[in-house]
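Enquirer: Mind looking at a prediction? Sequence and model below.
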Amino acid sequence: MNSSNPAIPDIRIGQGFDVHAFGEGDHLVIGGVRVPHERGIVAHSDGDVVLHALCDAMLGALALGDIGQHFPPSDPQWKGADSRAFVRHCNQLLAEQGWRVGNVDATVVCERPKIGPHAPAMRDNIASDLGIAPDAVSIKATTSEKLGFTGRGEGIAAQAVCLLVRA
Ligand SMILES: Nc1ccn([C@@H]2O[C@H](COP(=O)(O)O)[C@@H](O)[C@H]2O)c(=O)n1
Ligand SMILES: C[C@@]1(CO)OP(=O)(O)OP(=O)(O)OC[C@H]1O
């Protein structure tokens, strides 16, 4: 238990989920990695579903709202934004409240592109932005067996969970 307040446990858990539609373009940004693709992404920012799900997991762990409340899609300053900046900002919010991320586990859902070859670079990016080891960051992927919007190749989804521990 937390030595300063025995009523507050020393761990918190958060989860996040995000979806973006495919649109015009020739690449996606996933986990901070530019992945060549025959479609682009429809989004206000760079549309990085993994990092958006991660931000929501981090914010959710401390009940700090969601990504749209911190970085409103109506705000022009986030147009085309690098979502790694959102992750670093969320990490700073956690640090200010005395928390750090213990580990992250994320799953990307899409038929294509193949995520596996890019997963090590995504893990490195996230680990670097959170100041934790790459082996505390897991990136997995699955198709949806050609079912639903991801199965039809209309878009991409990601979910993430993270554990927070006292800094
Ligand atoms: N976009 C994707 C989807 C899947 N993978 C990898 O392929 C494995 C099999 O996927 P199923 O949906 O057929 O179970 C999956 O476990 C991933 O390793 C991928 O890299 N990128
Ligand atoms: C990231 C933000 C930034 O304005 O916009 P989008 O890139 O459209 O992505 P979304 O997942 O809809 O999250 C909301 C916004 O915070």
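Expert: That came through, no problem. Ligands and ions are numbered 1, 2, ... in the order given.
Enquirer: what helix or strand does the residue positioned nearest the centre of the chain sit in?
Expert: Nearest residue to the geometric centre of the chain (CA atoms, centre = their mean): residue 51, 2.4 Å. Using DSSP states H and E, residue 51 maps to helix 49-61.
Enquirer: Can that helix be said to contact ligand 2?
Expert: Yes - Helix 49-61 is in contact with ligand 2 by CB under 6 Å from any ligand atom, via residue 52. (Glycine included, C-beta is placed from N, CA and C.)
Enquirer: Does anything pack onto that helix? Which helices or strands?
Expert: Judged by 3 or more CB pairs under 8 Å, 6 or more residues apart in numbering; DSSP states H and E, the packing partners of helix 49-61 are strand 11-23, helix 67-70, helix 83-96, strand 99-109, helix 119-130, strand 155-166.
Enquirer: Distance to ligand 2, mean neighbour count and mean pLDDT for the ones you listed - can I get that in JSON lines?
Expert: Converted to JSON lines, those look like this (distance: least, CB to the nearest ligand atom, whole Å; neighbours: other CB atoms under 10 Å; pLDDT from 0 to 100):
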{"stretch": "strand 11-23", "distance to ligand 2": "5", "mean neighbour count": "18", "mean pLDDT": "98"}
{"stretch": "helix 67-70", "distance to ligand 2": "4", "mean neighbour count": "16", "mean pLDDT": "98"}
{"stretch": "helix 83-96", "distance to ligand 2": "7", "mean neighbour count": "18", "mean pLDDT": "98"}
{"stretch": "strand 99-109", "distance to ligand 2": "14", "mean neighbour count": "21", "mean pLDDT": "99"}
{"stretch": "helix 119-130", "distance to ligand 2": "15", "mean neighbour count": "20", "mean pLDDT": "99"}
{"stretch": "strand 155-166", "distance to ligand 2": "10", "mean neighbour count": "22", "mean pLDDT": "98"}
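Enquirer: what's the spacing between the spatially closest residue to residue 87 that is not a sequence neighbour and residue 66?
Expert: Once flanking residues are discounted, residue 87 sits nearest to residue 129: 4.7 Å by CB to CB, 6 or more residues apart in numbering. Distance, residue 129 to residue 66, using CB to CB, to the nearest Å: 19 Å.
Enquirer: try residue 167
Expert: According to CB to CB, residue 167 stands 23 Å off from residue 66.
Enquirer: neighbour count winner among those two?
Expert: When residue 167 and residue 66 are compared for neighbours, residue 66 comes out ahead with 14 against 11, by other CB atoms under 10 Å.
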